[in-house]
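In: Starting from these lines, generate the structure:
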Amino acid sequence: MGNMDGKAVEELSTTECHQWYKKFMTECPSGQLTLYEFKQFFGLKNLSPAANNYVEQMFETFDFNKDGSMDFMEYVAALSLVLKGKVDQKLRWYFKLYDVDGNGCIDRGELLNIIRAIRAINRCNEKMTAEEFTNIVFDKIDINGDGELSLEEFLDGVQKDEELLEILTRSLDLTHIVRLIQNDGRNP
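Out: Take a look at the predicted model:
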């Protein structure tokens, strides 16, 4: 079974867990959520190639035991992390999500592609383009100027810059998913 810190899951109310379990088992009676079902579950259809890659990367970061599917515990841990996790926990997850090639660093191309994909899915109304945002991130937090962000640079830089933290948090706002879960798949 998937496992995170445990702390994030413990912060969920019994009602929330029950709602999430009901939605999960209604959509996935097998108890295992595949990538295809994940996309269907969250209404992610007709995605651009960049958005599709982002969704696949998100799914892989949520598949904690790397068995190709999400069980209920992985599902709860993932939603709890994104919706209720502490800033440091979320930033570590964002880093893992953005580090597409898994080399321990985020380069400009990875960040740019992820930001474009996130905006395509979440329909963000940001004032700056994805390119401008990527440049700002690197200008502000690539301390050693090597064109890559280490986990340490990312955590330190984003935590010290309220604007970057706010934009990253807003771009990964999944409250619409919680509303769907709470309303049994119907938009409120």
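In: ranges for the strands of the chain?
Out: 105-107, 148-150 (DSSP state E).
In: Give the partner strands of the first one in its sheet and their orientations.
Out: Spelled out, it's strand 105-107. Strand pairing for strand 105-107, using DSSP bridges, gives strand 148-150 (antiparallel).
In: What mean pLDDT does the partner strand get?
Out: If you average the pLDDT over strand 148-150, you get 96.
In: Name the residues of that strand that are buried.
Out: Of the residues in strand 148-150, those buried by neighbour count under the rule 16 or more other C-beta atoms under 10 Å are 148-150. (Glycine included, C-beta is placed from N, CA and C.)
In: Distance from that strand to the middle of the chain?
Out: 19 Å (C-alpha atoms, centre = their mean, to the nearest Å).
In: ok, and what's touching it?
Out: Outside strand 148-150, the residues that touch it by C-beta atoms under 8 Å, 6 or more residues apart in numbering are 104-107, 111, 137-138, 141-142, 157.
In: Just the buried ones among those residues, please.
Out: Buried residues within those, counting neighbours by 16+ other C-beta under 10 Å: 105-107, 111, 137-138, 141-142, 157.
In: follow-up on the earlier one: output the buried residues of strand 148-150 in CSV; the columns should cover distance to Glu131.
Out: Listed next are the buried residues of strand 148-150 as CSV, based on distance: C-beta to C-beta, whole Å:
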residue, distance to Glu131
Glu148, 17
Leu149, 16
Ser150, 22
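In: Please convert the strands of the chain to JSON lines, extending it with distance to Glu37.
Out: As requested, the strands of the chain are exported to JSON lines (distance: least, C-beta to C-beta, whole Å):
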{"stretch": "strand 105-107", "distance to Glu37": "29"}
{"stretch": "strand 148-150", "distance to Glu37": "32"}
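In: Gly31 and Met73 touch, don't they?
Out: No. Using C-beta atoms under 8 Å, Gly31 makes no contact with Met73, being 10.1 Å away.
In: Looking at those two, which is more packed in?
Out: Neighbour tally, Gly31 and Met73, criterion other C-beta atoms under 10 Å: the higher count belongs to Met73, 15 against 12.
In: So which of the strands of the chain is nearest Asn53?
Out: Across these, Asn53 has its closest neighbour in strand 105-107 (14.8 Å, C-beta to C-beta).
In: Nice, that's everything, thank you.
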